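In: sequence unknown, structure follows:
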């Protein structure tokens with residue numbers, strides 16, 4: 001479910017994985033890849049949501065540190081290892097190129113976002129639609145472009161783009177702190193997600209914390225699509 005809130009362990013359990021140590025996980029599931037993103041001020045990479053509210057830009061990952069004196073932030077992000085094997089960057093690049101050559105459909109990517117330490121939110125499923133190589137002033141980095149997919153999850157849940165916009169990270173942080181990490185209806189602290197007071201279909205917005213609140217799954221089901 002979009003905007004579902006999970007602990008790190010819950011996230012790993014959902015994916016049936018012991019640990020998600022990498023930020024980029026190409027084809028970790030036969031049906032999709034996974035990326036972990038963070039837009040916190042101290043995040044190691046420059047991930048962002050574009051102004052359309054539907055598109056992500058995700059920065060590729062650095063060379064692995066091999067010594068205390070090595071600074072990966074001064075080295076170009078690698079597409080291949082020294083043994084000529086594709087890195088995670090390289091695998092994502094190849095997926096884009098294969099799609100451009102019409103060898104396959106866009107890679108489906110499940111995106112989790114770190115909101116606060118230990119707190120993650122399911123951003124949704126995205127189509128990997130492009131990449132570019134950009135110089136950040138010190139070295140070359142990969143920037144991958146992902147668009148919110150029309151199919152969310154593996155149940156073919158179709159979304160309506162005209163009523164959909166990703167909730168900005170800062171809004172999620174504000175709501176989490178304001179609602180104290182609990183359902184505003186019953187006080188539950190499990191199975192939470194970010195919910196809209198005024199639904200998208202009725203003109204609601206994702207851009208302000210005033211229209212977003214924490215609800216548990218049970219209270220969300222009882223609310224349905226009604227205005228309270």
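Out: Arrived safely, thanks for sending. No experiment lies behind these values; they were computed from the predicted model shown.

In: Buried ones in the longest helix anywhere in the chain, by neighbour count?
Out: Using DSSP state H to define each element, the chain has its longest helix at helix 88-100. Judged by neighbour count (16 or more other C-beta atoms under 10 Å), helix 88-100 contains these buried residues: 88, 89, 90, 91, 92, 93, 95, 96, 99. Where C-beta positions appear, they are placed from N, C-alpha and C, glycine not excepted.

In: With distance to residue 174 and pLDDT as extra columns, can I get the residues you listed in CSV?
Out: What follows is the buried residues of helix 88-100, written out as CSV (distance: C-beta to C-beta, whole Å; pLDDT from 0 to 100):
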residue, distance to residue 174, pLDDT
88, 32, 97
89, 33, 98
90, 37, 98
91, 35, 98
92, 31, 98
93, 36, 98
95, 35, 98
96, 34, 98
99, 37, 97
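
In: quick one: which of those is nearest residue 197?
Out: The closest of the buried residues of helix 88-100 to residue 197 turns out to be residue 92 (C-beta to C-beta; 36.6 Å).

In: which residues sit against the longest helix of the chain?
Out: Residues external to helix 88-100 that are found in contact with it (C-beta atoms under 8 Å, 6 or more residues apart in numbering): 22, 24-27, 33, 60-61, 77-80, 86, 104-107, 128-131, 142, 144.

In: Next: stretch 18-33.
Out: So stretch 18-33 is in contact with 8, 11-12, 15, 17, 34-37, 45, 60-61, 88-89, 91-92, 95, 107-110, 125, 128, 154, going by C-beta under 8 Å, 6+ apart.

In: neighbours of residue 20, just the number please.
Out: Per other C-beta atoms under 10 Å, the neighbour tally for residue 20 reads 16.

In: Can you list the residue ranges for helices in the protein?
Out: Going by DSSP H, the chain shows helices at 8-14, 88-100, 169-178, 217-223.

In: The longest strand along the chain pairs with which strands, parallel or anti?
Out: When the chain is scanned for its longest strand (criterion: DSSP state E), the result is strand 119-135. Applying DSSP bridges to the sheet, strand 119-135 is found paired with strand 5-7 (antiparallel), strand 108-116 (antiparallel), strand 140-148 (antiparallel).
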